[in-house]
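Provided below for reference: sequence and predicted model.
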Amino acid sequence: MTLLSAEGVTKRLAEGVTLVSDISLSIEGGEFVAITGPSGSGKSSLLYLLGLLDRPSEGRVLLEGRDTAALPAPELAALRLARLGFVFQFHFLLPEFSALDNVLIPIRRRGALKPAAAEARAMALLDALGLAEAAAKLPEQLSGGMRQRVAIARALANDPALLLADEPTGNLDTRNAAAVFDIFARLAREDGRAVVVVTHDAELARRTTRRIHLVDGRIVSDECG
Amino acid sequence: MKLILDLARGMLSRRRRQTLVSVLGVALGVAFFIAIASLMRGFQTYFIQQVIDVQPHIVIKDETRTPLPQAAEMAVTDGAVSVNGVKPRDRVRGIRASGDKLAILEAIPGAAAAPILTGSALLRYGARDVTVTITGIDPPRYRRVANLEKDLIRGSLEDLRSAANGLIIGDTLAQRLGVQLGDTVIAVSPRGVSLQMKIVGIFHTGIVTLDQTTGYALLKVNQVLQDRPNVVNQILLRLADVTQAEPLARQIEARFGDRTESWEEQNANILTVFVIQNAIMYSVTGAILLVAAFGIYNIISTVVFEKTRDIAILKSLGFTEGDIQRLFLVQGIIAGVLGAALGCVLGQLMIEGLAQVRFQTETPAGNDRFLLARDWRIFAVASFFAVASAALAAVIPARRAARLDPVQVVRGAA
Ligand SMILES: Nc1ncnc2c1ncn2[C@@H]1O[C@H](COP(=O)(O)OP(=O)(O)OP(=O)(O)O)[C@@H](O)[C@H]1O
Ligand SMILES: [Mg+2]
């Protein structure tokens, strides 16, 4: 079954501005997709639509075969909690909570694991991203690259089928950016997740398995390999 | 829910000082409420206790609440005849069949009844005349409804019976007449009867009008003096349970037709003052809590504004609008609960402080200090209002937070 598909998705603002128009695509598990395009081409807008953070004006988004257009907000939230993970350019960690607690937030919200199991899972995620020592630290005590990796661990907290990242390396130096992309590649390759990354960086985009290029809110090219 | 609590605590911890200020606001409101309520309740309870102690709980009078229907009106039932300006018949008034009624009243569980006859008389001693109201009592029965003995400073209630035509009078009255215990005065009633009466007791209640113008004699003696043999013009009742006074009074009035007043009705003017006092107290503390609520509104609004990004990320992670709303409501409630707890402690301290105050002058009731009610319900009410107003104050910012669109925030931050 197709993990995620968009059918004729268009997003228009009330003022008449069109952010994306008539996007149709489908993404399978195991794919590592880069969305590229000039500034203002609608990359972020598309990502929010695919991530069920925003609703299309026309068309529909299907997650695991399920049409999400008609779902009420709490059900969309539940889908985001269980099936999707987000990473943004800014890490958005909660400043009062340790790295571990930040990763625990989505796990606890979902409530599927007992406290001990939840903590073990959060620890394992941090460990896998080389953050075992950072677990008890507050975000302000961590470097930019570490923060972004904590944010990735948080996005992976509930073992999502689809990971969405909007310029996750925008604030990172080349070395850290490359490390993040390595993590994404591994997540797609080894865990069978789909990873969709918006990026400006053509160099990094080349590491993906598929590149979708947007111009003026339309797909102008979609190449694999 | 535990998660929501943890998040709420974390968010408030960043704003310690401001949180403390709004918590203090609530605490002051709660503490003032507790102190004022304790003062007022203490005084009011004391006052009512005095009234209940001193006065009969129910008084049955020899009158009707509305004029009795007139014979002419009863004969013509369609309302064609109406009789206005009815004057009381110049007969000897009194409660009819008082003996039967007394028996019925005595049968009520927890009730004690005493018949009395009141009437005015002129007391003459030497060249001095004073008009007084004489109450004719039956000591064994009267003792059960009123505590005259408590106020007696000379003589005793029993002496009314041992002496022929004994009379007990107030101390101020005794001074005005210039009489002492054992002296004999002449009492003249409006109906022209005159009796020689012996002063067998002197009382002091502290209530000026009573001490100055009242006297007690045996019921039989007063009936002779008033020339109203076997007449009783009031029946006094005392109840084991004073809260039953008003309903019982209504029942008695319905049954006998005689005007029956409970202690609440007789003291309605003062009880109304209490109601107004309480209204003022509630308004004042309500105003304090309102200011405190603004403090809470302020801090929650600030947190919502500052935490825009956190709210957006929580929503993108899958928190619902309901979760977010709860998150900030809980913060308001936390502030309210902390304020209430601190306020209860402060309130208790204020009560202890007030309890130390001593007045130079002694009040007629014999108190040189504040009368304070120490009632946990005052604390409960204050705390409840504090937490409720804190929660209410948090509702508006919490809803604003819940409606926040994460897309807008994430875009703005990028
Ligand atoms: N709420 C809005 N009101 C007006 N214009 C908007 C709004 N949101 C987005 N836009 C505009 O829509 C266009 C597409 O925005 P979007 O953020 O999707 O582009 P992007 O490809 O992610 O750009 P960037 O590379 O700069 O992040 C931009 O020109 C942006 O300014
Ligand atoms: Mg963008």
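In hand now; what should we look at? Ligands and ions are numbered 1, 2, ... in the order given.

ranges for the strands of the stretch 251-400 of chain B?
B:260-262 (DSSP state E, counting those that start in this stretch).

who in chain A is up against ligand 1?
Residues of chain A found near ligand 1 (CB under 6 Å from any ligand atom) are A:13, A:17, A:19, A:37, A:39, A:40, A:41, A:42, A:43, A:44, A:45. Every C-beta, even on glycine, is put in place using the N, C-alpha and C of the backbone.

which residue, neighbours along the chain excluded, lies closest to the fourth one?
By that I understand residue A:37. residue A:214 (3.6 Å; CB to CB, 6 or more residues apart in numbering or on different chains).

find the residue at the geometric middle of chain A.
residue A:164 (1.6 Å; CA atoms, centre = their mean).

residue contacts, that one?
A:47, A:50, A:51, A:84, A:85, A:86, A:87, A:196 (CB atoms under 8 Å, 6 or more residues apart in numbering or on different chains).

surely residue B:182 meets residue B:197?
No - Residue B:182 lies out of contact with residue B:197 (CB atoms under 8 Å); the separation is 11.8 Å.

between these two, who's got more neighbours?
More neighbours surround residue B:197 than the other of residue B:182 and residue B:197, with 24 against 11 (other CB atoms under 10 Å in any protein chain shown).

check residue A:147 and give its pLDDT.
Reading off the confidence values, residue A:147 has pLDDT 94.

who touches residue 217 in this structure?
Went with chain A since none was named. Contacts of residue A:217 by CB under 8 Å, 6+ apart are A:18, A:19, A:20, A:21, A:23, A:41, A:42, A:45, A:46.

that answer is for a different chain, and I need it for chain B
Per CB under 8 Å, 6+ apart, neighbours of residue B:217: B:134, B:135, B:136, B:137, B:160, B:165, B:166, B:167, B:168, B:197, B:225.

of the residues you listed - the most surrounded one?
residue B:167 (31 neighbours).

direction included, what does whichever helix or strand it is part of pair up with?
Element membership for residue B:167, per DSSP states H and E: strand B:166-170. Applying DSSP bridges to the sheet, strand B:166-170 is found paired with strand B:194-203 (parallel), strand B:214-218 (antiparallel).

tell me how far the last one is from the chain's mean position?
It stands for strand B:214-218. 30 Å (CA atoms, centre = their mean, to the nearest Å).

next one: the longest one
Between the mean C-alpha point of strand B:194-203 and the mean C-alpha point of its chain there is a distance of 36 Å (CA atoms, centre = their mean).

least trustworthy helix or strand in the chain by mean pLDDT?
As the question left the chain open, I've gone with chain A. helix A:202-205 (a mean of 88; mean pLDDT, DSSP states H and E).

please go with chain B instead
helix B:71-75 (a mean of 69).

what's the distance between the residue nearest to the centre of chain A and residue B:369?
72 Å (CB to CB, to the nearest Å).

and for residue B:351?
Applying CB to CB to residue B:351 and residue B:369 gives a distance of 12 Å.

of the two, who's got more company?
residue B:351 (21 against 12).

from what I see, that one and residue B:36 are in contact.
No - the pair residue B:351 and residue B:36 does not pass the contact test of CB under 8 Å, sitting 10.4 Å apart.

contacts only, for the residue of chain A found nearest chain B.
Distances between chain A and chain B by CB to the nearest CB are smallest at residue A:81, namely 2.6 Å. Taking CB under 8 Å, 6+ apart, we find residue A:81 in contact with A:106, A:109, A:110, A:158, B:317, B:318, B:319.

what's the mean pLDDT across the helix or strand harbouring it?
Residue A:81 belongs to helix A:73-83 when assigned by DSSP H and E. The average pLDDT within helix A:73-83 is 94.

mind listing what's buried in it?
A:76, A:77, A:79, A:80, A:81, A:83 (16 or more other CB atoms under 10 Å in any protein chain shown).
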